[in-house]
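**Student:** show me the folded form of this:
(one chain, ligands or ions: 1)
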Amino acid sequence: MIVFSAFVPHPPIAIPEVGKENLDKLSDTIKAYQTLEHEIYSAKPDTIILISSHAEQREEAFAVNQAPDFKVNFKKFGDLVTNLQFKNDIGFGYQIKELCEDYFPVMMTAQEELDYGSGVPLFYLTQHLPNIKVVSIAYSNLSSEDHFKFGQIIRKQINLAGKRVAVIASGDLSHKLHKDSPAGYSARGQEFDQKIIKALAEKKVDDVIHLDPELVKEAGECGHRALLVLLGVIDELNYEHRQLSYQSPFGIGYLVTNFEIK
Ligand SMILES: [Zn+2]
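**Tutor:** Numbering: from 1, shown residues only. Prediction:
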């Protein structure tokens with residue numbers, strides 16, 4: 001059963017050893033992560049399914065990481081201290097691949113070192129879940145509808161597996177919100193973020209699926225397809241949407257949302 005689901009951002013600066021004196025610029029996001037950490041801990045999941053926008057991708061296929069163990073560090077960002085390790089729920093990941101393959105191309109990858117899009121949420125959300133297993137999934141270049149459907153099929157496998165599963169989608173919204181944004185400025189960045197926030201608040205999942213592809217492209221985001229997979233997973237469940245934070249101190253939209261399963 002699905003016991004927890006959330007959409008989260010992945011600024012490496014949120015990691016204390018990376019962010020250091022910049023950490024307080026992300027205080028809303030970090031507080032929201034701490035709230036989620038309480039929620040996931042009390043949900044007692046056996047496994048986290050993590051859909052990250054920076055996991056190793058295949059253009060024409062979804063991908064499930066089948067490395068036996070996972071490591072998380074932030075060496076690329078100058079942090080030589082933080083090191084986490086997780087067991088892959090490898091059999092469960094394989095079952096997901098098998099079932100989804102009836103509908104879409106699904107590849108297996110074998111990346112022991114997880115991407116920072118997986119690393120940031122795992123850092124915050126597993127602080128009191130030392131034995132949690134992880135399934136790492138990457139999205140593809142297939143259509144928005146396919147991503148949503150992919151999530152629906154993952155749910156089928158979760159229901160078959162009879163375990164307590166947390167589903168987390170990791171992605172940032174527009175990277176073009178301010179004049180000093182790393183990807184440059186576009187007025188459509190704000191438009192994209194506001195449309196996502198509004199559609200989620202109003203539970204208009206169709207509006208997220210059918211967002212204008214030109215707008216999505218122009219926004220310079222990395223979270224849309226991860227979010228679509230998550231919305232597919234929780235589709236048909238009774239959930240309450242709770243936005244915990246939204247901020248963009250570096251010109252990138254960071255949204256933290258809990259979809260509380262009732
Ligand atoms: Zn990203």
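**Student:** who does residue 241 form a beta bridge with?
**Tutor:** Note on residue 241: beta-bridge partners by DSSP bridges are residue 259.
**Student:** from residue 37, how far out is it?
**Tutor:** Using CB to CB, to the nearest Å, we find residue 241 at a distance of 19 Å from residue 37. C-beta: built from backbone N, CA, C; applies to glycine.
**Student:** again with residue 180
**Tutor:** Computed as CB to CB, the residue 180 to residue 37 distance reads 31 Å.
**Student:** what of residue 170?
**Tutor:** Taking CB to CB, one finds residue 170 at 15 Å from residue 37.
**Student:** more neighbours: these two, which one.
**Tutor:** For residue 170 versus residue 37, neighbours defined as other CB atoms under 10 Å are more numerous around residue 170 (28 against 16).
**Student:** what about residue 238, how many residues nearby?
**Tutor:** By the criterion of other CB under 10 Å, residue 238 has 8 neighbours.
**Student:** likewise residue 184?
**Tutor:** Other residues within reach of residue 184, judged by other CB under 10 Å, total 13.
**Student:** helix, strand, or coil at it?
**Tutor:** Following DSSP: H, G, I helix; E, B strand; the rest coil, residue 184 is assigned to coil.
**Student:** what's it in contact with, if anything?
**Tutor:** When the contact criterion is CB atoms under 8 Å, 6 or more residues apart in numbering, the partners of residue 184 are 176, 220.
**Student:** what pLDDT does it get?
**Tutor:** As summarised for this prediction, residue 184 has a pLDDT of 91.
**Student:** with residue 95 instead?
**Tutor:** Note for residue 95: predicted pLDDT of 97.
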